[in-house]
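Asker: pasting the sequence and the predicted model now:
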Amino acid sequence: MRVVSGIQPTGNLHLGNYLGAIRNWVRMQDETDEDGQCLFFLADLHAISMPHEPAELCRATLEMAAALVACGIDPDRSVLFNQAQVPAHPELQWLLNGTARIGWLNRMTQFKDKSGKNREGASAALFTYPVLQAADVLLYQATHVPVGEDQKQHLELARDIAQKFNNDFASEDAPVFTLPEPISPPQAARIMSLRDGSKKMSKSDPSEMSRIDLADDPDTVLKKIKKAKTDPEPLPSEVEGLAQRPEALNLVTIYAALSESTVEDVLRDHGGAGFGAFKPALAELLVETLRPISTRFNALLDDREALDAILARGAARAREIAAPTLASAYSALGLVRG
Ligand code: TYM
């Protein structure tokens with residue numbers, strides 16, 4: 001088993017990232033004990049696909065590293081690094097650009113969403129972004145990739161690229177790449193905005209009130225949950241009763257994910273309750289979950305040297321693990337390297 005996943009260091013780590021992906025990273029780390037089985041990285045090379053402020057990217061990269069450690073990623077057990085220190089990522093991306101088809105990239109919904117109406121003005125990096133994402137996981141022979149629902153299409157593409165590369169350039173008994181499996185937690189694969197139940201909770205939403213950041217203090221959490229959009233009906237006792245109520249479903253989903261139960265269980269306990277009673281219960285559960293994380297986060301942020309050292313050590317290990325696969329990919333393509 002080889003677990004690999006990444007997160008973009010843009011903005012703060014939010015509840016959607018945590019419940020949709022990071023909590024699963026920590027679980028998988030705890031289930032594996034061999035050195036080098038879990039690799040987690042900050043996708044800083046992905047972050048330059050959108051307009052960005054250099055000083056802000058640098059700050060956000062270190063903050064995101066601190067946030068991951070605060071959530072329970074242990075740099076002594078997992079390999080924690082940022083892409084920019086491992087040139088094998090963009091190198092393999094270039095090699096895979098020869099295999100990825102324009103038609104496949106044209107189907108990526110994230111490119112359509114992020115480029116919006118100004119497709120001609122989007123960066124080339126935004127278009128080829130999923131090929132870098134494929135390189136990120138194929139480089140390490142990942143078997144499991146813990147992600148939220150929104151990344152599944154990119155993972156499907158990584159599988160297609162791996163399969164075509166193996167078919168075109170490797171023999172059946174010695175494939176160059178392993179086909180990775182995406183893994184999403186069923187209750188929390190998609191956490192929605194607190195202001196609009198049809199949009200995912202996202203770092204790029206201009207409204208702070210749309211998301212819970214993991215570093216939010218208890219008063220902020222309470223305020224954001226109180227102001228979260230809902231409807232005037234009480235909670236139903238059956239899941240079907242949430243069918244046309246996306247905001248209510250989202251709050252119940254968050255409650256279920258935090259309490260490690262199901263939407264059914266939450267409705268069994270809270271069915272009939274109005275939001276006046278449910279929201280404070282949810283806020284309390286959130287505050288309980290976030291308190292230890294934000295305490296650790298703030299302590300880690302004070303030690304820049306320690307964070308630099310963690311990333312440098314992780315990157316050295318990642319370069320070592322990546323080397324044989326990168327060499328096989330060059331050689332399979334017939335590229336002469338002395
Ligand atoms: P990113 O940085 O947008 O998000 C990091 C992880 O959080 C999940 N996530 C969510 N899950 C549930 N509900 C939400 N509202 C929500 N918002 C985000 C994402 O699915 C993701 O798992 N392209 C990736 C980063 C990446 C990557 C990779 C991931 C680069 N290379 C290789 C896996 C493997 C991204 O932008 O995720």
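Answerer: Structure received.
Asker: rest of the way, CA atoms for contacts and neighbours
Answerer: OK.
Asker: so which residues of the chain form helices?
Answerer: Counting by DSSP state H, the chain has helices at residues 15-17, 23-31, 44-47, 54-71, 88-97, 102-106, 109-115, 124-138, 152-169, 218-227, 246-258, 263-270, 275-301, 304-332.
Asker: would CSV of those helices with distance to the ligand be doable?
Answerer: Shown next, in CSV, are the helices of the chain (distance: least, CA to the nearest ligand atom, whole Å):
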stretch, distance to the ligand
helix 15-17, 4
helix 23-31, 10
helix 44-47, 6
helix 54-71, 10
helix 88-97, 10
helix 102-106, 14
helix 109-115, 9
helix 124-138, 4
helix 152-169, 7
helix 218-227, 16
helix 246-258, 10
helix 263-270, 16
helix 275-301, 16
helix 304-332, 14
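Asker: with mean pLDDT added, can I get these in CSV?
Answerer: Shown next, in CSV, are the helices of the chain (pLDDT from 0 to 100):
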stretch, mean pLDDT
helix 15-17, 95
helix 23-31, 94
helix 44-47, 98
helix 54-71, 96
helix 88-97, 98
helix 102-106, 97
helix 109-115, 92
helix 124-138, 97
helix 152-169, 98
helix 218-227, 97
helix 246-258, 96
helix 263-270, 96
helix 275-301, 95
helix 304-332, 97
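Asker: can you redo those as JSON lines with mean neighbour count and distance to F81?
Answerer: Formatted as JSON lines, those follow (neighbours: other CA atoms under 10 Å; distance: least, CA to CA, whole Å):
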{"stretch": "helix 15-17", "mean neighbour count": "24", "distance to F81": "18"}
{"stretch": "helix 23-31", "mean neighbour count": "17", "distance to F81": "14"}
{"stretch": "helix 44-47", "mean neighbour count": "20", "distance to F81": "10"}
{"stretch": "helix 54-71", "mean neighbour count": "19", "distance to F81": "8"}
{"stretch": "helix 88-97", "mean neighbour count": "19", "distance to F81": "12"}
{"stretch": "helix 102-106", "mean neighbour count": "12", "distance to F81": "27"}
{"stretch": "helix 109-115", "mean neighbour count": "15", "distance to F81": "24"}
{"stretch": "helix 124-138", "mean neighbour count": "22", "distance to F81": "12"}
{"stretch": "helix 152-169", "mean neighbour count": "19", "distance to F81": "20"}
{"stretch": "helix 218-227", "mean neighbour count": "17", "distance to F81": "30"}
{"stretch": "helix 246-258", "mean neighbour count": "22", "distance to F81": "27"}
{"stretch": "helix 263-270", "mean neighbour count": "17", "distance to F81": "35"}
{"stretch": "helix 275-301", "mean neighbour count": "17", "distance to F81": "16"}
{"stretch": "helix 304-332", "mean neighbour count": "17", "distance to F81": "5"}
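Asker: could you dump those to JSON lines with distance to I7?
Answerer: Listed next are these as JSON lines, based on distance: least, CA to CA, whole Å:
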{"stretch": "helix 15-17", "distance to I7": "8"}
{"stretch": "helix 23-31", "distance to I7": "11"}
{"stretch": "helix 44-47", "distance to I7": "8"}
{"stretch": "helix 54-71", "distance to I7": "9"}
{"stretch": "helix 88-97", "distance to I7": "15"}
{"stretch": "helix 102-106", "distance to I7": "20"}
{"stretch": "helix 109-115", "distance to I7": "15"}
{"stretch": "helix 124-138", "distance to I7": "11"}
{"stretch": "helix 152-169", "distance to I7": "13"}
{"stretch": "helix 218-227", "distance to I7": "23"}
{"stretch": "helix 246-258", "distance to I7": "20"}
{"stretch": "helix 263-270", "distance to I7": "27"}
{"stretch": "helix 275-301", "distance to I7": "17"}
{"stretch": "helix 304-332", "distance to I7": "14"}
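Asker: this completes my enquiry, with thanks.
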